[in-house]
Structures are given as C-alpha cells and as structure tokens.
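> For reference, the sequence and a predicted model appear below.
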Amino acid sequence: MTTVDNAIALRPARQIRWLERPKRTTGVWSWFTTVDHKKIAIMYGTTALLFFLAGGIEALLIRLQLARPDGTVLTANQYNQLFTMHGTTMVFLLGMPLAAAFGNYLIPLMIGARDVAFPRLNMLGYWVFVFGGLFIYSSFFLGGAPNGGWFGYTPLTSTPLAQGFLPGRGPDFWAVGLIMLGIGSVATALNFIVTILNMRAPGMTLMRMPVFVWMMLVVAFLTVFAMPPVTAALIEVYMSRNFGANFFNPAAGGDPLLYQHLFWIFGHPEVYILILPGMGIVSEILPVFSRKPLFGYAVVVFSGIAIGFLGWGVWVHHMFATGLGPVAVSAFSLSTMLIAVPTGVKIFNWLGTIWGGAIRLKTPMLFALGFIAQFTIGGLSGVMHSIVPSDWQQTDTYFVVAHFHYVLFGGLVFAIFGGLHYWHPKVFGKMLNEAMGKTCFWLMVIGFNLTFFPMHFLGFQGQPRRTYTYAKGFGWETLNLLATVGAFIIALAVLTYLVNVIYTMRRGPIASADPWDARSLEWMTSNPPPEYNFAEIPIVTHRDEFWHRKYTEDDEGRLVRLPAGAAIDVEDPATQHGGDGDGGGDGAHGGGHGIHMPSPSIFPMFVGLGLPVIGYGFVFKNWWILGVGVALLLFAVTGWAYEPPTEEAVGA
Amino acid sequence: MFDRIRRVIRRGPVAVGATTLAVLLAGCAKQAPDKQQNALRPDGPAAHKILQLTTPFFWLAVVIGIGVVGATIVLAIKFRERPGEERNPKQIHGHSALEISWTIIPALILAVMGVFTVSTIFDLSKEPKGANVVHINVTGKQWWWEYDYTDASGTKLQFTTANEMHIPVNTPVFLRITAADVIHSFWVPNLAGKKDAVPGRTDYLTIQGSKIGEFAGTCAEYCGLSHANMHLKVFVQTRADYDAWVATQKTTPPKLASYVKDQTGPVAGYACTSCHAFAGSGAGSAATRGPNLSHLGDRTTFAGGTYDLTLDNLTKWIYDAPSRKPMEQGPDPKNPRVGMPNFSKLGMTESQARDIATSLLCDTASNPSKFTGLTCP
C-alpha cells in the first residue's frame, strides 16, 4: 500500500458537512477558529490587558476610598468586593494569561517550531480563560462579586450563605470560576511542556534555549502540579457552602487550616508561576541592549529550576501567625531564607550582564533595569518576612502589600511592559514611539514608587490591610494620600502606553526586520511572521543563534561584525519562493507552499463556552442550566474528536 | 510635540530623585499621632525583642538594596552607548569564582539570620509561669473581641468583658486565643506580634506592657464585612488600678438585671438578653452572641472600638446599629445574621433608644458623671 492509499483508507466514508473544518485564516470569524499560536497569543494579550485595565480601575477606586481617613467613596461591601476582584484579576486574569500570551507567541518562534504541539488545545486554553474571566466578572451583575479575598480563607468563604458570615453569592462565583481557569491553565501548561521538549529545531539543545523558554518550561511544570491542590480546596469550599460539607467546620471535626495548607501549596508556587516569566523576559532584553551574552547562562537557568523546586517547600511562610508551633515555623523560616539564594544569584548575573556592555537605553531596556532595581527591593522585604518574629508584626499589614507589589508590579509588570515594548515590532510590524515609551517608563517608575514605597512605613506604623476605612489619628493620613496620588500617576503611565499603541498602529514607522539587533530565532523571520513562522526551519549551532550569524568574537573576546556576505540574511518570505530546504523535515518550501499547518476549528470555543454555563448551573444550583452546559460541552468535545484531522491531509 | 516630551524625559531621573526624597521626608516627618498602634514603638518585651531582631537585618537589607539599585543605575549610565557611537564590548559569558562567591556569601548571611530567628521564635513561644501571671481567654467574633479572665488553668471563669483589655504593668499576660465564627487575628503592635484566632483551635500569645498607657490594636485577618471595624484596646495599669478594675468587674450592677427583664418597660420586645449578658440578669446571663454589657459604662469605646462611648453615639447605635457599622442583616429584621438588628424597624423610637442608653450607662458606669448630657434618675 502506498501512503496515499493509507490516507484514503483513513478518510471517513462520507464527509459530515458540519464537521468540515473552517478554512478561512483572515477576517473576523477566523479569530474564533484560529489555531495559529501567534493569533492566539495576540488574543491572550489583548484580553489580559483589558482585564488589567479592569483590575487597575478597581485599584484606583480602592485608593480613592483610602485617600483620606473615614472615606465615603465606597461602602464596606463594595470595597471588599473590589479588593478581592483586584487580587483575583491581577493574578488569574492578568499575570497568568499574559505569561501565556508571551509564551504562546515566543516559544514556537524561539525554538524554531511552526506551532505548538496541540493547536486546538491551545485555543481551548484561551477560550476557557476568557469565558472563565467573564464568568467571574458577571457576578457583579448577579448579586455581588466575590468578597472573601483572592485567597478566600475558610470558614469565612466556606460557611453556607444563610449563616451570613459573608454576604452574597460571590464566593461561589470565585470558587467555580477559579476551578474553570485552572483547567485552561493546565491545558496551556501541558501544551508548553510538550512543545518545548519535542518541537525544538535541529541543533536547539536544551542548553541552547533562550532563558525565557527555560523559565516558561519551569512555569509550565509548576502550573501542572500547583493546580490540583487548589482545585481540591475550591471544590471543598463549594461543597461546604452549598451542600453542607464540613471540611473546614471545627464543630463537625473539620479544620479551617486544612484550607490554608492546600491553598498555599498552590499559592506559593503560584508566586513563581507569576514572576519566572518576567525573569525570562528580562533575561532576553538585557543581553540584547547590552550587546553582550547573558552572564552565567547556565547558572541563571539552574537557579530558575532551583526556585521551581524550592518553591514547593515554603508555603507555611504565609501562615506564620496561625499558631502552628515553633518547630514548624522555624523549618519554613529556614527554607524561605534558602530560596533567597538562587533569587539573589539571578540578580547578580543580570548585573554581570550589563557590566561592561554597550548599553542602549531604549524603552525595553529601561523597563528591564527598573525590574532589577524594584524586584530587588521586593526580594529584600520578602527576606525580612522569613524572620518569623518580624513577620508576626508585618503580616497582614501594608508592609506586605508593599512587598508583593514590589515583586509583582515593580518586578513582573515592569518586565511585561519591557516585553510589550520589545516584541511589539515583532508582533505588529510597527515601531512604538520611543519618546512615548520613555514617558510611560518614567511615569510608571514615579507612580509605582510613590504608591508603594510609603506602604512599607504604613505597615510598620500598624495599618492593617484589607480594611475599607481607617480612623484619624494613627499618623497614616499623609502616606495614604501620597499612595493615592501615585496610583493615578501609574494610570497615566498605562494610558501613555495605550495611546502609543493606537498612535503608532496608524502612523508609526514600519519596523525593520531586526530593529534591536537581537539574538534569538524569533527575529530571523519577518515582522510579523508568516503563519508558518519559518519558511525553512533554521538549523541551530549556537546559543543566541541569530547573533552568531551576525557577529563573532576576536581573540580578545571583543565583538566583531561578520562581513555582510557571511551573515545569513533575515528571511523575507516574499522573496524566497521555491527554496529547496529540507531542514524542516516536512518538505518545507519557501513561501509557504507545501507547509503543512493545522486547520482551524470552532470546537475549542464551544468547549470553552460550555464551562461557564455549567458554572452558572453550579452557582445557582439550577440543574437545567447545568444540563444545557454539559450538553454543549459533550457536543463540542464530540465534534472536536470526530472532525477530520485536516482538510488537506490527502493530496486530492 | 515630541521635543517637549523628550525634554521631560531627560528630567525624568531628577523627578524620581525628588519624589523619593519627598516620600522619605514624609515618612520620617515627626508626626505625633494621638493613637498608638505602631510596631516601631515597642512598649513590651515581646515587641521589643522583635524590633531588636528586625532592626539590624532591616539596615542590612537597606544597604544591600541601595547597593543593587545603585549598581543598576551606575552601570546603566557608565556603560551606556552614546548616540552615534558603536562600541564592541568584550563578550563575557560568565565567571565561576564570582558565581560561587555570590552564592555562598548570601547563604552565610542568611545562616546567621536563621540562627537568631529560630532562637527568638522559641524564646517568644515560651509559656510564662508564676502566680502573678494573668490568664485571659480571647475569642474573636464578627466583629468584636470577647475576653474571659480565668484562673491559671484557663478553665475557671472570673469575669467576662469585651474589646478593652486591662492588664497590670510589667506582668506577663498569657492569652489563649480562639474564634467563634471565622478566622480573626489578635494584634497589639506596641506590645507583641499578632496571633491568629482560628475557630476550633487555641493559639497562645504572651503579651506584657512595660509602660502605663493605652495601646490600640486591631483584628489583622480579613474576617468579612466589618473587618475594618474590629479594633481593641489594651490598658496597661498599675497593679493597684488593675486590682480595683478587677474588683469592679466581678460585681453585678444593681438595677440592670431587673431593667432588662422588665417585660413592661422600654426594652420589652427587643430581647436584649438573647444576645447580651448583663451578669446576674437571669436567663440572659450566659448569652455571648453580643458583648457582655454588665460594665459597659466603664469602657471608653463600643461596637468593636468603632465609636467613642457617649450617650449620643450609644443612642444612635441602639436605634439603628446596622447603619452605623456594616453588619450582614439578612431578610428578617428580627433575626439578623450578624450583629445588632435595626430596632427602628421593629418599632423603637429615638427617645426610647435614648432612655435605654441612659439606663445602660447609669447602671453600668462607676462614674456616670463622665458622660456629657447624661442625667441619671
């Protein structure tokens, strides 16, 4: 039998019309069916930034309320909903999906692949995220948003509504919504793991991978293992609220602290799930704008892995005041100190990278430098929390708020904005305006530090967090007002970025193929890349492959540009028709002819749509709605399973 | 347009410097807050030991922080490429000795920190012994604190009070902390670190005041709607003042019992005793849903420290408490889920509320004349 015969034998006897896969790759509808990792990444990024704006508006309202003592902008219940949603949004609807956006766009390009391993699963991850996020936000209109904190401690959240510990249905939306988002996160993480391990271009050994890809690999493993414990905890919360389960009810033999263990076994790795992609982004930006390789590549990679492992052994440092006993807290105090070592090593290696470089202070570099400085401050205040007695004074005060905002805003958000400015020409083919980029940076530095630096003092001076009001006379007035002013300066910075994007989309200069003189594979294709990424899969011989095709080192280790002829030009698919490459191993031909790409599919969206319908069924305990959701889910899964693998599998 | 922006950008670093300075000045400015809830002003041995442990590592962190932030800024400026210049820097890939040293040096610093940390943990976790030790069972409730003063075993109750704790100076006070509904956290920063109040568990905390005075504290674990309105106070007193206070607390206010039981008087139909105890008032004496009110008049605040205790404030509270402090009420005004009902919805008039407040204060205060506008019969 020939190959063609085999393929024909596999073809269904009769094509079922509704199962035919969509073909269009342009137009509005294509965004609903696309499996192109780059399009999905853009959707992830745009949606996450919209949620970022929502979370930011929540933060501004919080700061308005706290600008003066005895604030009257918000009621207690509104404030509690807003701080809960601010945390939930920034962790689950900004931090994680934006990492998925960067990962989706960059991982295949950086390792020289044409797409991720499971394109339809990738699409599912996105739709679960967007529908899960909208599901949680819909609670604002359906009886009140979650108001038990992003951490949702029991028995506050787990006690049945009738008892009145916590008003509203919010905690149900929160528990069910987070379970849903977890499904999407795990799907995406598994996809990244398989992609990174199996789909690297020839010669792209693990130790030649960009640090960003390494960090995403660590993050993907952390996600896969962190989600199950929190899912168990959330199911227990839901069952306790709605069906009288007693996991956390001491009167019936349960234990409230069981929840805290489960939550923080997820919650602390989650912190590294959030920050490691940022560290990866910074590790890409610093070498490019210093014109030097990353200092201590192997050490940076291994310290990232070490953080990934140690991150599982420190969860009790969120529980130092719960009364676990001196032996237990001592052990976790020491393990928490230990994790500072690999984190510090990374910072020193970044400094080693810029040392002696030819530093180009473009916007992405400024954000990366801001990351180093501010993340260090957040790291140091974090180490102070590992001193348990100090933590007994600091925990649940504004000192902690200052600490983790220095890590997650001063660190992660700065890395994100660095990445957004750095890869913007790659993704959209247009350059962002430098002046506006730098304005955004300085506004954000000023606004950020003005908002969060005073909070260190507020914490020492005894202001507890998660309080909707505070009385006059504690000496907190001035610093709170400063923090509110700072928050609005941050808003101005974000606005500057948005204006920059919109302005340059219409009027910005077209980006050159390699605007930053970059180092890694994603810059070896056009801006934006064609659907198939590379007309010919590059063969990798070096870490920083692209750089080594442009530069070499002389005897003293100084940079020497290779003569123009020797350098391999950036691919331009428009001029490369009919290449003979067999590097891709699948008959890759220039211009996209004959490159086998996965077909679009509508079913991932319907699977994603089924989940929130099921969610509403659970929240309102309405089994009809639940049934509709399950039916939709089953229909979509069936269609997904039975739709033909691809329309062009057979060369008809 | 961009020229102007560019000029602003060039001034960026100056602006950052100025802002930082402003923040630091604001932080260090000598403020004289009239309330004390400050971990930086320890007035007890536990808070003092914590601050002593924290301070050197705080300054070490400041030095390292300034070093790294400074290095980032200095390196970025020193090695920056000027316009038109194209430098070809030496390609350094790493340096083993450096890597080893910046792994080992921080590890050694942390090891030293670990030794002091662990020894302080155990030091502060010791249970105080001796006949003079005061024992109090602390129970966090939405959204107030209940204190049961007990014997050394923690089981034999002497008297019950709420929100305002009195302790003798320079005497260890052993707290057995738990919660009735959700998790709270007991925190008086001037005296000690915080300890969670977890339903179904008993946590232990030793506090001690080394200075006569009034110290503010608060619930530090998010506990629902009115978490922000769950304050407490600790009065550190001379032994004689404390003993006098204890003696009063153990008495029963003479007229209160008959007043709250009187089914024809102003409180009839409002069922005060189903939530509050008035010590010796019969059926209601064991009620602990709301604070024990037998010596309300000797307190300075009420409603979880939300309001100063005055006749006006108390009147408004009795008339319509839920509008004065957010409390989850549920659909049935007679049976609120958490906290005081809105009695105005159950037929109470403002003058009735004033009568009740007057009787409460007159009967429970050792010195009723301290309340302005209060005329006792």
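Thanks, I have the structure now.
> in the stretch 151-300 of chain B, which spans are strands?
B:157-162, B:164-168, B:173-179, B:184-187, B:195-197, B:203-207, B:213-219, B:231-237 (DSSP state E, counting those that start in this stretch).
> C-terminal to the one helix or strand residue A:438 maps to, what's the next element?
Per DSSP states H and E: residue A:438 is located in helix A:434-460. On the C-terminal side of helix A:434-460, the closest following helix or strand by DSSP H and E is helix A:477-507.
> Residue B:162 is in contact with residue B:145, correct?
Yes. Residue B:145 lies in contact with residue B:162 (Cβ atoms under 8 Å); the separation is 6.3 Å. Bear in mind the C-beta positions are built from the backbone N, C-alpha and C, glycine included.
> More neighbours: these two, which one.
Set residue B:145 next to residue B:162 and count neighbours by other Cβ atoms under 10 Å in any protein chain shown: residue B:145 wins out with 28 against 24.
> The helix or strand hosting that one vs strand B:157-162, what angle?
For residue B:145, the host element (DSSP H and E) is strand B:144-150. Going by axes from the mean of the first three to the mean of the last three Cα atoms, to 10 degrees, strand B:144-150 is angled at 160 degrees with respect to strand B:157-162.
> Do me a favour and average the pLDDT over strand B:144-150.
The average of the pLDDT scores along strand B:144-150 is 95.
> Strand B:231-237 and that one, what's the angle between them?
Going by the same axes, to 10 degrees, strand B:144-150 makes 40 degrees with strand B:231-237.
> now what about strand B:144-150, what contacts it?
B:134-140, B:156-163, B:165, B:180, B:184, B:186, B:219, B:230, B:232, B:246, B:249, B:288, B:290-292, B:303-304 (Cβ atoms under 8 Å, 6 or more residues apart in numbering or on different chains).
> That one pairs with which strands, and in what direction?
strand B:134-141 (antiparallel), strand B:157-162 (antiparallel) (DSSP bridges).
> among these, which gets the worst mean confidence?
Minimum mean pLDDT among these: strand B:157-162, a mean of 91.
> got the CA positions of that strand in PDB?
The C-alpha atoms that make up strand B:157-162 are tabulated as PDB, following Å, rounded to 0.1, in the frame of the first residue of the first chain:
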ATOM      1  CA  LEU B 157     -14.100  31.900  84.600                       C
ATOM      2  CA  GLN B 158     -13.700  35.000  86.800                       C
ATOM      3  CA  PHE B 159     -15.500  37.600  84.700                       C
ATOM      4  CA  THR B 160     -16.100  38.500  81.000                       C
ATOM      5  CA  THR B 161     -15.600  41.700  79.200                       C
ATOM      6  CA  ALA B 162     -15.200  42.900  75.600                       C
END
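> Can you list the buried residues in that strand?
Residues B:159, B:160, B:161, B:162 are the ones in strand B:157-162 that count as buried (16 or more other Cβ atoms under 10 Å in any protein chain shown).
> Next up, the contacts around residue 373.
In the absence of a named chain, chain A is used. Residues counted as contacts of residue A:373 (Cβ under 8 Å, 6+ apart) are A:410, B:68, B:69, B:72, B:73.
> if you could check chain B rather than the one you did, that'd help
B:310, B:311, B:312 are the contacts of residue B:373 under Cβ under 8 Å, 6+ apart.
> buried subset of the residues you listed?
Buried among the contacts of residue B:373 by 16+ other Cβ under 10 Å: B:310, B:311.
> can you tell me which of the contacts of residue B:373 are in helices?
Per DSSP state H, helices hold the following members of the contacts of residue B:373: B:311, B:312.
> Now flag whichever of the contacts of residue B:373 is closest to chain A.
When the contacts of residue B:373 are ranked by distance to chain A (Cβ to the nearest Cβ), residue B:310 comes first, at 15.6 Å.
> The closest one touches residue B:365, doesn't it?
No. Contact criterion Cβ under 8 Å: residue B:310 and residue B:365 do not qualify, at 11.9 Å.
> Any chance you could list residues touching both of those two?
Residues touching both residue B:310 and residue B:365 (Cβ under 8 Å, 6+ apart) are residue B:371.
> Identify the residue spatially nearest to residue A:357, adjacent ones excluded.
In this structure, residue A:357 finds its nearest non-sequential neighbour in residue A:290, 3.0 Å apart by Cβ to Cβ, 6 or more residues apart in numbering or on different chains.
> What's the local residue count around that neighbour?
27.
> give me every residue that touches the residue lying closest to residue A:270 once chain neighbours are set aside.
Using Cβ to Cβ, 6+ apart and skipping residues adjacent in sequence, the residue nearest residue A:270 is residue A:226, 5.9 Å away. Listed by Cβ under 8 Å, 6+ apart, the contact partners of residue A:226 are A:265, A:266, A:269, A:270, A:273.
> Tell me, what's the model's pLDDT at residue 303?
Because you didn't say which chain, this covers chain A. pLDDT, residue A:303: 96.
> Not quite, go with chain B.
95.
> What of residue A:649?
43.
> Same check on residue A:21?
The model reports residue A:21 with a pLDDT of 79.
> Longest helix in the chain, by number of residues?
Since no chain was named, I'll use chain A. helix A:256-290.
> should've been chain B
Max-length helix for chain B by DSSP H is helix B:45-78.
> Quick check: next helix or strand after it?
Counting by DSSP H and E, the element after helix B:45-78 in chain order, helix or strand, is helix B:96-124.
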